[in-house]
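1. I would like the atomic coordinates for the input below:
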Amino acid sequence: PESLQSYFPADRNSSAADRNLGIAWAQVAENYRDPLLFEKAWPFLRTAGGSRPRDPVLYAKIGEALESASKTDEAEKAYRLSLHQDPDQVDILLRLAALLERAARGAEARTLRNRAAIILPRQ
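-> Next up, the predicted model:
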């Protein structure tokens, strides 16, 4: 984490630092398609999640980390919490739709994809 910590001016002991480092490591894991890098993100995301009740980006990243760890039920909950806080996140709608599709819940997945298609032209 030291390599990413230098990019974040927040005090290492603050919840903002945990949030930012967790999101940064999760983004690196996603960019490199390396689920093992989510292991670096997870402690920061867990700590930040406990102290930030309203943060849709944080919960989206927690969902990604959980999905990467094959904890699909927990990932679904995190994605839904993120969407509850910001329902117009097209990327999270599509991630949740893909997760539901893999769980043979096609009707729910189609509903989410339709929501994303309605939102997308507005962006």
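2. Read off the pLDDT value for the closest residue to residue 41 other than its chain neighbours.
-> With sequence-adjacent residues excluded and distances taken as C-beta to C-beta, 6 or more residues apart in numbering, residue 41 is closest to residue 25, at 3.4 Å. From N, CA and C alone the C-beta is placed, and that goes for glycine too. Confidence at residue 25, expressed as pLDDT, is 89.
3. what about residue 38, how many residues close to it?
-> 22 (other C-beta atoms under 10 Å).
4. surely it meets residue 70?
-> No - using C-beta atoms under 8 Å, residue 38 is not in contact with residue 70; the gap is 11.1 Å.
5. Give me the pLDDT value at residue 90.
-> You'll see residue 90 listed with a pLDDT of 96.
6. What sits closest to it if chain neighbours are left out?
-> With sequence-adjacent residues excluded and distances taken as C-beta to C-beta, 6+ apart, residue 90 is closest to residue 116, at 4.7 Å.
7. which SSE is that neighbour in?
-> Here residue 116 sits within helix 106-119, counting by DSSP states H and E.
8. Which residues outside stretch 88-95 are in contact with it?
-> With C-beta atoms under 8 Å, 6 or more residues apart in numbering as the test, stretch 88-95 has contacts from 56, 60, 63-64, 67, 79, 82-83, 112-113, 115-116, 119-120, 122-123.
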